[in-house]
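**Q** Based on what follows, work out the 3D shape:
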Amino acid sequence: MFRRSDRRDPSPDEATLAARNAATQGFLTLDDEQRAAADAVLAAEELTGGAGRLGEAWAQVSAVCDGATEAYLTATTEFPLDGTRRFAEVRAADERALRQIEAAREAITRFRATHARVLDEATFALTTLPRTVQEARVALVDARKAVQQAEASGVRSKRATQRLAEAEQAAVGLDAPGSGLRERSTLAKRTLDLARSAATLAAEAPRTAASVRSSITSVATRRDAATTKTAQIEPAMSALRREFSEPCSHDLVGTEQQATEAIATAERALSSARGRADAGDWDDAADDIAAARSQLGRAELLHDAVLGRLGDLRQVRADPAKEAADTRFVLRDAQRLVVDRGLVREFGQVLDAQSVRLDNAQQRLTGVHPDYWLYLTEMRGIRDRVKEVVADARRGHR
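**A** This is a model prediction of the structure:
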């Protein structure tokens, strides 16, 4: 007959089973959390190129997790539920393991909270990369089809073909062995962007071709008009030199030459556009058209600067007092606003300074050939400064 103290319980009680189950569930959860955090850390290091001390910080947390895992494995190995060890000892081992597991999980939680931004970005990159890769592959297929359709229609897009080739080259790296998250993410985005651009350019090729054909004619007409305007610059410059003092036109010297050069550049761009259009290179032809327009716009501005200067100076010469009166009206209006709103301390001195500028400008308007351009520039400068003060006063009083 056996004594009661030598007998072993044939099966674990509920408390022992509950302790083992709690330890097992805790271990499984810890394993998932540790694996997810480790993946996020690896991804973050790839995205940042290993910069920072994230890996070192995670190594310390991972060591705690490994210790908890070892405690669980020890408990389940050395304290089985087959009755060879006292169930009280089994429960104690499981409870010790569970405490270590919970401590490890808390360490993971603190680690994630401390490095939330970088880990969230890495996790997002991990989860979105497969979708981005798939979108890139689909976009590549669409781009191939669009380019083929454009070529079949007889209105090809050279730039679309080039973008497609670049997208194809980038896509090769997506399946390259050893490619990291950072590289694959960059390649996927590049492939997607290039493929979409190629498809868009191919789809727009017919409209681009039609626009280029129409623009060649309209730009040629504008060139003729700009040439006519350029011919007016030198007579206007002669009038400026004859009627006004040298400072009034000094900054406009060489304007005719600049306008002529701009028109010549526009003519070359227009000729290039015609050649490229004949070769079916519509994208570059469109760029040439844009360049021609830009140069013609420059020539037109140069024309307007000279003839506008002549007209402005003649108007000021005819009635200098009117320019001063208009400026003084704007100034006094601003002064009333500042007084009414109680902002004299903030803006009074600024407005007084403009009044002094106005008086000085009028006093300098002397001699046989006064510097009307300096006078006009001062009047405009005063009005602009007063407008700034009015705007500041209104904002400051809201």
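**Q** need the contact list for residue 104.
**A** Taking C-beta atoms under 8 Å, 6 or more residues apart in numbering, we find residue 104 in contact with 30, 34, 61, 64, 65, 67, 68. The way it works is simple: take the backbone N, C-alpha and C, and place the C-beta from them, glycine included.
**Q** Give me the subset of those residues that lies in helices.
**A** 30, 34, 61, 64, 65, 67, 68 (DSSP state H).
**Q** quick one, phi/psi of residue 80?
**A** phi -70, psi 170 (degrees, to the nearest 10).
**Q** Quick one: low-confidence residue ranges for the stretch 51-200 of the chain.
**A** 51-52, 178-179 (pLDDT under 70).
**Q** That one: helices as residue ranges?
**A** Per DSSP state H, counting those that start in this stretch, the stretch 51-200 of the chain carries helices over the ranges 54-78, 87-114, 116-152, 158-172, 181-230.
**Q** for the first one, which positions count as buried?
**A** The neighbour-count criterion (16 or more other C-beta atoms under 10 Å) identifies 54, 58, 61, 62, 64, 65, 68, 69, 71, 72, 75, 76 as the buried residues of helix 54-78.
**Q** For the residues you listed, give me JSON lines that also has distance to residue 231.
**A** Formatted as JSON lines, these follow (distance: C-beta to C-beta, whole Å):
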{"residue": "54", "distance to residue 231": "70"}
{"residue": "58", "distance to residue 231": "76"}
{"residue": "61", "distance to residue 231": "80"}
{"residue": "62", "distance to residue 231": "81"}
{"residue": "64", "distance to residue 231": "86"}
{"residue": "65", "distance to residue 231": "84"}
{"residue": "68", "distance to residue 231": "90"}
{"residue": "69", "distance to residue 231": "89"}
{"residue": "71", "distance to residue 231": "95"}
{"residue": "72", "distance to residue 231": "94"}
{"residue": "75", "distance to residue 231": "99"}
{"residue": "76", "distance to residue 231": "99"}
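**Q** mind checking how far residue 88 is from residue 260?
**A** 105 Å (C-beta to C-beta, to the nearest Å).
**Q** The two: who's more crowded?
**A** Taking neighbours as other C-beta atoms under 10 Å, residue 88 and residue 260 compare with residue 260 leading, 16 against 11.
**Q** Could I get the buried residue list for the helix or strand that one falls within?
**A** Element membership for residue 260 (DSSP states H and E) is helix 255-278. Neighbour counts over helix 255-278 (16+ other C-beta under 10 Å) mark 255-256, 258-260, 262-263, 265-267, 269-270, 272-274, 276-277 as buried.
**Q** What's the local residue count around residue 85?
**A** Residue 85 has 14 neighbours, counted by other C-beta under 10 Å.
**Q** Spit out the contact partners of it.
**A** Per C-beta under 8 Å, 6+ apart, neighbours of residue 85: 78, 79.
**Q** and residue 366, backbone torsions?
**A** The phi/psi pair for residue 366 (degrees, to the nearest 10) reads phi -130, psi 170.
**Q** where's residue 123 relative to residue 186, distance?
**A** Taken as C-beta to C-beta, the span from residue 123 to residue 186 is 18 Å.
**Q** now swap in residue 251 and tell me
**A** 50 Å.
**Q** which one of these two has more residues nearby?
**A** Between residue 251 and residue 186, residue 186 has the larger neighbour count (other C-beta under 10 Å), namely 15 against 11.
**Q** That one and residue 224, how far apart?
**A** In terms of C-beta to C-beta, residue 186 sits 50 Å off from residue 224.
**Q** Around residue 311, count how many other residues there are.
**A** 11.
**Q** Give me the pLDDT for it.
**A** With respect to pLDDT, residue 311 scores 97.
**Q** Which element, helix or strand, includes it?
**A** Secondary structure from DSSP H and E places residue 311 in helix 282-318.
**Q** okay, the helices of the stretch 51-200 of the chain in TSV with distance to residue 341 next?
**A** Output for those, formatted as TSV (distance: least, C-beta to C-beta, whole Å):
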stretch	distance to residue 341
helix 54-78	56
helix 87-114	51
helix 116-152	46
helix 158-172	57
helix 181-230	47
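**Q** Ok, which of those comes nearest residue 382?
**A** Residue 382 sits nearest to helix 181-230 of all the helices of the stretch 51-200 of the chain, at 31.8 Å, using C-beta to C-beta.
**Q** For residue 372, give me its contacts.
**A** 244, 245, 248, 313, 316, 317, 320, 365.
**Q** let's go with 10 Å and repeat that
**A** 243-245, 247-248, 309, 312-317, 320, 323, 365 (C-beta atoms under 10 Å, 6 or more residues apart in numbering).
**Q** who wins for neighbours among these?
**A** Neighbour counts for these (other C-beta under 10 Å) peak at residue 248, which has 25 neighbours.
**Q** right, and that one touches residue 371 too?
**A** Yes. Using C-beta atoms under 10 Å, residue 248 is in contact with residue 371, at 6.4 Å.
**Q** Any figure for the gap between the residue most central in space within the chain and residue 149?
**A** By C-alpha atoms, centre = their mean, the mean C-alpha position of the chain lies nearest to residue 193, the distance being 14.7 Å. Residue 193 sits at a distance of 21 Å from residue 149 (criterion: C-beta to C-beta).
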